[in-house]
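Visitor: Provide a 3D model corresponding to the input given below.
(2 chains)
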Amino acid sequence: MSREEGTKRVIVIGIGNEFRGDDAFGFEVIRRIREQIPGSVDVLLTEGDGTHLMQRWAGCDVVYIVDCITSGAPGGTCFRLDAAERKMPTQFFRSSSHIFGVAEAIEMSRALNQLPSKVIVYGAEGTQLDLGKPMSEPMVRAVRIIGDQLLQELRQDPT
Amino acid sequence: MKNRTVKVDYLARVEGEGGIFVKIKGDKIEDVKLRIFEPPRFFEAFLRGRYFTEAPDITARICGICPIAYMMSSIHAMENACGVTVGGQLRALRRLIYCGEWIESHVLHIYMLHAPDFLGYEDSIQMAADYPQIVTRGLMLKKLGNDIMTTVGGREIHPVNVKVGGFYRVPTKKELDPYRERLVKAIEDSVETAKWVNGFTFPDYKVDYEFVSLQHAQEYPFNEGHLASNKGLKISFSEYEQQFVEEHMEHANALHSVHRERGNYFVGPMARYNNCFDKLTPVAKQTAKELKLEAHVTNPFRSIIVRAIETIYACEEALRIIENYNPPPQPSVDVQPKEGVGYGASEAPRGTLYHRYRIDADGIIRDAKIVPPTSQNQRTIEADLRGFASQNLHLKNDDLTWQCEQLVRNYDPCISCATHSLNLKLDRA
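Guide: Numbers count the residues shown, from 1 in each chain, chains lettered A, B, ... in the order given. Just a heads-up that it's a prediction; the model follows:
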């Protein structure tokens, strides 16, 4: 679908590693709602290399990121972090072994004045991150909760 | 007697998880450990029983930063076992995708991970606020490397288009031609990168290392040639295990690879540069001379300049390949399994990566051995920490800790690959 002039460019990015239990969260949320995401919205599933993320959201107005978070909260705890309101806590994204990850990409974009006007990170607390493990029950529930919330916000965001 | 510990529990800006512990008693270093607590991943074990053509895609998963190195070393080992040599434009495309990996990995390390050490920033984000144009240049260069990986390899992380015998699909001339203009600009940008890092202040520390790298008669090495060192080593890949052995240390989940007689050694950009300087491309060589970078670099902190020189090289080599590119008639050559042992080694951005496989007549992998660059550098990193810390005991703990972390990052260690590590603990107990 071609984007009409003056409309917002929106991208939804699911981040994760589908072989590491709860770290597949970002992928699973996007897969669950993909059919319902408006056609004008770009969708990306990625392992979360920060510089790649910066390239992909360059020129976008609105960015939604879905990722597994490790903050010490109970498993499955859901988060909505607004980059406009706060600095991204790098320690939340330790579940990714990438050196330059989500938080770094957001903060680097901010430092370079290249941060899209709206960047929202949806996350849930992962506790089962071993290779080959299935997703934990609290995270399976969080997939539904965050998926529904993201869809609702997408529908409210005119594109 | 005054004792102290310098400790960094979790060393940032390296790939993977580990730490460093340095215990200082009075004016002596009592203990140094590069602790690697990234869990082992048993790749060598689960390669057993898989078909020989699966090795590149499985081993690519060892690392998100240098998957091409893993693919190439395994592919060459399999082709070696099966008695196949791939030449011509397919060989050139293998070099091209390796150029992409070197560019993206070197630029990431120079700009995002190592430069902040020299300029006194906690991370590249703080640095970006003061150097926005420079950091933007780095991001553009890295993007170029990633894009080359995508065009040739199908995608930039864990490429899917590389196989034993060649590629699943080869790019058209039209797909590669747009890179010519970008690479001309990238050569200029990487020269500027080299000039920028050459202006940093480098701690005074030199070591008479044994530098081990691939060497090739005609070209700066990526994936063919023999293994050589500045201490007289000159062997084929099949002789690697006669010369080098892996040792398990209690404090590390990564094996330490050492030379059987001479102990620790050094792989990576400095080794390649020192062993193969005459094979660099004209602009890379000229820039090194203009910057008065010695032809034999022995200060590991100056490795950041060498990485920049290698980035110039990779851009020049990529341009040469693209200018001479004609798509081969077939994307790959047929490789039939043959019972035997195959050896492969290639130059990952952070150093030599050795693979050895034994396959049976049906092409099933019966045994595998993988020695990543960081495993080979671990013992030298520990030796450097001991040597550097003992020369700099006058420094306050914070400064000594900072410089020890910086020293480890000289090696651009990939702990995930080696575990196979980083946090730093200086113990002046």
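Visitor: Quick one: the helices in chain A, in order.
Guide: Taking DSSP state H to define them, one finds helices in chain A at A:25-33, A:50-57, A:102-111, A:137-156.
Visitor: need the residues of chain A near chain B, please.
Guide: A:46-47, A:49, A:51-52, A:54-55, A:97-100, A:104, A:107-108, A:111-113, A:131 (Cβ under 8 Å from any Cβ of the partner chain). C-betas here are computed from N, CA, C, even on glycine.
Visitor: from those, which would you call buried?
Guide: Taking 16 or more other Cβ atoms under 10 Å in any protein chain shown as the criterion, what is buried in the residues of chain A next to chain B is A:46-47, A:49, A:51-52, A:54-55, A:97-100, A:104, A:107-108, A:111-112.
Visitor: what's A:Ile65 in contact with, if anything?
Guide: With contact set as Cβ atoms under 8 Å, 6 or more residues apart in numbering or on different chains, A:Ile65 has these partners: A:Ile13, A:Ile15, A:Gly26, A:Leu53, A:Val102, A:Val119, A:Ile120, A:Val121, A:Tyr122.
Visitor: so which of those comes closest to A:Val41?
Guide: Minimum distance to A:Val41 across the contacts of A:Ile65 is 10.8 Å, recorded for A:Ile13 (Cβ to Cβ).
Visitor: ok, the closest one to A:Val29 distance?
Guide: A:Ile13 sits at a distance of 11 Å from A:Val29 (criterion: Cβ to Cβ, to the nearest Å).
Visitor: How much space separates the residue in chain A that chain B sits nearest to from B:Thr136?
Guide: Across chain A, the shortest distance to chain B (Cβ to the nearest Cβ) belongs to A:Ala111, at 4.0 Å. Going from A:Ala111 to B:Thr136 by Cβ to Cβ gives 10 Å.
Visitor: low pLDDT regions in chain A?
Guide: Within chain A, the stretches with pLDDT under 70 are A:1-6, A:90-99, A:158-159.
Visitor: for chain B, same thing?
Guide: B:1-2, B:5-18, B:37-41, B:251-253, B:415-429.
Visitor: Can you pull up the most central residue in it?
Guide: Taking Cα atoms, centre = their mean as the criterion, B:Arg350 is the residue nearest the geometric centre of chain B, at 1.3 Å.
Visitor: so what's it up against?
Guide: The contact partners of B:Arg350, by Cβ under 8 Å, 6+ apart, come to B:Cys66, B:Ser105, B:Val267, B:Gly268, B:Pro269, B:Pro373, B:Thr374, B:Asn377, B:Tyr411, B:Asp412, B:Pro413, B:Cys414.
Visitor: go on, B:Tyr70?
Guide: Here B:Tyr70 is in contact with B:Pro56, B:Thr59, B:Ala60, B:Ile62, B:Cys63, B:Ala348, B:Leu353, B:Ile370 (Cβ under 8 Å, 6+ apart).
Visitor: With distance to A:Phe79, neighbour count and secondary structure as added columns, please give those in a markdown table.
Guide: A markdown table is the format used below for those (distance: Cβ to Cβ, whole Å; neighbours: other Cβ atoms under 10 Å in any protein chain shown; DSSP: H, G, I helix; E, B strand; the rest coil):
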| residue | distance to A:Phe79 | neighbour count | secondary structure |
| --- | --- | --- | --- |
| B:Pro56 | 38 | 24 | helix |
| B:Thr59 | 35 | 25 | helix |
| B:Ala60 | 32 | 23 | helix |
| B:Ile62 | 31 | 23 | coil |
| B:Cys63 | 29 | 26 | coil |
| B:Ala348 | 36 | 31 | strand |
| B:Leu353 | 39 | 31 | strand |
| B:Ile370 | 38 | 22 | strand |
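Visitor: so where do the helices sit in the stretch 251-400 of chain B?
Guide: Assigned helices in the stretch 251-400 of chain B, in chain order: B:269-276, B:282-290, B:303-323, B:373-391, B:397-409 (criterion: DSSP state H, counting those that start in this stretch).
Visitor: of all the ones you listed, which lies closest to A:Thr7?
Guide: helix B:303-323 (37.5 Å).
Visitor: doesn't B:Ile20 fall inside a strand?
Guide: Yes - using DSSP: H, G, I helix; E, B strand; the rest coil, the assignment for B:Ile20 is a strand.
Visitor: Nearest to chain A: which residue in the stretch 101-250 of chain B?
Guide: Chain A sits closest to B:Ala128 of the stretch 101-250 of chain B, with a gap of 4.0 Å, by Cβ to the nearest Cβ.
Visitor: Pretty sure that residue sits against B:Leu139.
Guide: No - applying Cβ atoms under 8 Å as the test, B:Ala128 and B:Leu139 come out as separate, 9.2 Å apart.
Visitor: For those two, work out which one has more neighbours and name it.
Guide: Between B:Ala128 and B:Leu139, B:Ala128 has the larger neighbour count (other Cβ atoms under 10 Å in any protein chain shown), namely 27 against 24.
Visitor: In terms of helices and strands, where is that one?
Guide: Secondary structure assigned from DSSP states H and E places B:Ala128 in helix B:124-130.
Visitor: Which positions in that helix come out as buried?
Guide: Buried, per 16+ other Cβ under 10 Å, within helix B:124-130: B:Ser124, B:Ile125, B:Met127, B:Ala128.
Visitor: Would you state the strands of the chain in chain order?
Guide: Reading this off chain A. Per DSSP state E, chain A carries strands over the ranges A:10-15, A:42-46, A:62-69, A:78-82, A:118-125.
Visitor: oops, chain B please
Guide: When assigned using DSSP E, the strands of chain B occupy the ranges B:3-8, B:18-25, B:28-36, B:162-163, B:166-167, B:212-215, B:226-229, B:234-235, B:244-247, B:256-259, B:340-348, B:351-359, B:365-371, B:424-427.
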